[in-house]
Structure formats: C-alpha cells, structure tokens
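Engineer: below is the sequence, then the predicted model.
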Amino acid sequence: KAGVTQTPRYLIKTRGQQVTLSCSPISGHRSVSWYQQTPGQGLQFLFEYFSETQRNKGNFPGRFSGRQFSNSRSEMNVSTLELGDSALYLCASSLGPSGGGGETQYFGPGTRLLVL
Amino acid sequence: DAKTTQPPSMDCAEGRAANLPCNHSTISGNEYVYWYRQIHSQGPQYIIHGLKNNETNEMASLIITEDRKSSTLILPHATLRDTAVYYCIVRVVGTASKLTFGTGTRLQVTL
C-alpha cells in the first residue's frame, strides 16, 4: 500500500506570495493532519480534517488554511508569506475517529518551503 | 494531553539494545503512549503505541510501568540506521487526533 505523498517536495517563494501544498493520504484513510516543523519551534500541529470538515486547529494565524476534498486528499494554503514561514510542512493521515483510540498517524516526507 | 519528559540525547553501540525512557507521570487512564522517530529531516515514522500492556512489533518493544507513569522503548539490536530523534507522545483516546511533539531524545548509534 502506498504511503502518504506530498507535493511538491521543495518550494522557494518570496515574501508576500502565497503557496498551496498538497497531500494524498494512504488509501482508505479519511483523516489528514498538517504540521509545521521549524528548528526553533519544533513540530507544531496546524489543523486536521476529516470528511471534508476541519476537526481541530492549532494556534496559527488565519494566513494558514486548509481544505479536504471528497477523495480525502488535502491542501493547505499559506497566504502573504513571511520569512518565518520557512519550514518543513508535514502531512499525516489516519483512518479517522474510531472511538477506541489508536488513531495512528502516518506521516509523509514533507514539503520544504523556503521563503526569501 | 499529558506532558512527557525524555532525556535530550543517548548513545548506543551498534548491535546492542537501545532503551529509551519516557516519563509521563500525569498520564490519564484514557491516554495512549505513542512512539515516533524522525531521521534527519524526513517525516516522523510511527514505531509503536500502547495503553497499559507491553507491546512488541517488528521494530521495537514498548514497556509501560504498572502505574503507567513511565515507559521504555526498546530497540533490541540497534543499527546505524536507527540514529534518529525519538519522540514519546501521550494522546487521549477517541478525540481529534492531534499529536503534541516534545523535543524528543536524539539517539546516536555508533560502531
């Protein structure tokens, strides 16, 4: 079974631009979460989508947004890029809420974004 | 979610067992213990998780103390490819599936 895929893998943008990152979950997984990883802040949760609905949101400004499509694929968008948005953006997928715990998340390789 | 405490770094000789401790003294009864690792700038890799019983899979074993306040991840025969940052995470059952990563333990496997 194919793992989580993320595109593009590398991206260079300039301040003020916007960017869209894509994530395709493992087949059959309906939940997609996004994380940002920087050297200073470590791995931080951005948001999670399940059945096209945002189920949870981290403490990030409104410039960070996301969506999920009916096939569970997800995109995240960052508008008005700032230098501090340079980071590794990770997507993780899981089966979704099961009520019994064990919603193991599997991560993709990430998209490395550099903002100049 | 409960907070975890891990040593910042550990060394292990190749071929020996690597025992990575994690303290989660405020864990609740409905929280699982998860372990992930991240090899330099790759996406975190799921290793194992458990609730209260010890668990073993093809990658590692997870030993959880009876009071559930601490756990140990065991890599039985460490190799150079196991050099990574290992994260211990506790997470509430059945809620939105946010993972809260700490700073982890940097395991260095040496010849």
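Structural biologist: Good, I have the coordinates.
Engineer: so where's chain A uncertain?
Structural biologist: Scanning chain A for pLDDT under 70 picks out A:1, A:98-102.
Engineer: name the residues of it found near chain B, please.
Structural biologist: When proximity is defined as C-beta under 8 Å from any C-beta of the partner chain, chain A approaches chain B at A:4, A:31, A:33, A:35, A:42-45, A:48, A:55-56, A:58, A:88, A:90, A:92, A:94, A:97-110, A:112. C-betas here are computed from N, CA, C, even on glycine.
Engineer: mind giving me the PyMOL select for those residues, buried ones only?
Structural biologist: Applied in PyMOL, the following selects the buried portion of the residues of chain A next to chain B according to 16 or more other C-beta atoms under 10 Å in any protein chain shown:
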select buried, chain A and resi 4+31+33+35+43+44+45+48+55+56+58+88+90+92+94+97+101+102+103+104+105+106+107+108+109+110+112
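Engineer: how about the strands of chain B, start to end?
Structural biologist: For chain B, strands defined by DSSP state E occupy the ranges B:9-13, B:18-23, B:31-38, B:45-50, B:55-56, B:61-64, B:70-75, B:84-92, B:105-110.
Engineer: now chain A
Structural biologist: Here chain A has its strands, by DSSP E, at A:5-7, A:10-13, A:19-24, A:31-38, A:42-50, A:53-57, A:64-68, A:74-78, A:87-94, A:106-107, A:111-115.
Engineer: which residues touch the residue positioned nearest the centre of chain A?
Structural biologist: A centroid search over chain A (C-alpha atoms, centre = their mean) returns A:Trp34, at 2.8 Å, as the residue closest to the centre. Neighbour list for A:Trp34: A:23, A:45-48, A:66, A:74, A:76, A:89-92 [criterion: C-beta atoms under 8 Å, 6 or more residues apart in numbering or on different chains].
Engineer: list the contacts of the closest residue to it other than its chain neighbours.
Structural biologist: Counting by C-beta to C-beta, 6 or more residues apart in numbering or on different chains, A:Leu46 is the residue found nearest to A:Trp34 once chain neighbours are left out, at 4.1 Å. A:Leu46 makes contact with A:33-36, A:57-58, A:60, A:64, A:66, A:76, according to C-beta under 8 Å, 6+ apart.
Engineer: could the strands of chain B be laid out in a markdown table, adding distance to B:Leu99?
Structural biologist: Formatted as a markdown table, the strands of chain B follow (distance: least, C-beta to C-beta, whole Å):
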| stretch | distance to B:Leu99 |
| --- | --- |
| strand B:9-13 | 22 |
| strand B:18-23 | 14 |
| strand B:31-38 | 7 |
| strand B:45-50 | 10 |
| strand B:55-56 | 18 |
| strand B:61-64 | 16 |
| strand B:70-75 | 16 |
| strand B:84-92 | 5 |
| strand B:105-110 | 16 |
